[in-house]
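>>> Structure for this input, please:
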Amino acid sequence: MPTLALLVFVIMVLALIDAITRRDDQVRHLPKFAWIVFIVLLPLVGSILWFALGREWAPASEAMSFGDPRRWSREPEPDAAPSRPRDTRSTEQQLADLEREERAARLEAEIRRRRAAQEGGGD
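Numbering: from 1, shown residues only. Purely as a prediction, here's the structure:
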């Protein structure tokens, strides 16, 4: 019986350490403080639910020490994959470009219509 109590205590301590050292963006479903209270009030159930549902299981990219400032930053880790190029034009520039494209499409349609009428009328 004391072995079971010791096992529950060790699991609770591991869950608390993991929950406390996680960044807020790595905690799912509940706020971090709620998970900590849940783990303390219901040690076995809270710890199991923390490891099953509460923590973000992302692939370990690199180990971080406890004092590493990246651990406490609210910004997500930068992705290694390059992001899509962004359109830096203003809305007015985008609308002007769209109007030019529409005008060019109308002119091309008019040219095709006139050529078809010219070929049909010339025969």
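>>> Sketch out the low-pLDDT regions of this protein for me.
58-83, 122-123 (pLDDT under 70).
>>> remind me, longest helix of it?
For the chain, the helix reaching the highest residue count under DSSP state H is reported as helix 91-122.
>>> where along this protein do the helices fall?
Counting by DSSP H, the helices of the chain are 2-21, 32-41, 43-49, 69-72, 91-122.
>>> Dump those to a markdown table, plus mean neighbour count and distance to Trp57.
In this view, the C-beta of every residue, glycine as well, is placed from N, C-alpha and C. As requested, the helices of the chain are arranged in a markdown table below (neighbours: other C-beta atoms under 10 Å; distance: least, C-beta to C-beta, whole Å):
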| stretch | mean neighbour count | distance to Trp57 |
| --- | --- | --- |
| helix 2-21 | 14 | 11 |
| helix 32-41 | 16 | 15 |
| helix 43-49 | 17 | 14 |
| helix 69-72 | 10 | 17 |
| helix 91-122 | 10 | 40 |
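>>> Near Leu53, how many other residues are there?
Other residues within reach of Leu53 by the criterion other C-beta atoms under 10 Å amount to 11.
>>> do you know how far it is from Val45?
The span separating Leu53 from Val45 equals 11 Å under the rule C-beta to C-beta, to the nearest Å.
>>> do Glu110 as well
74 Å.
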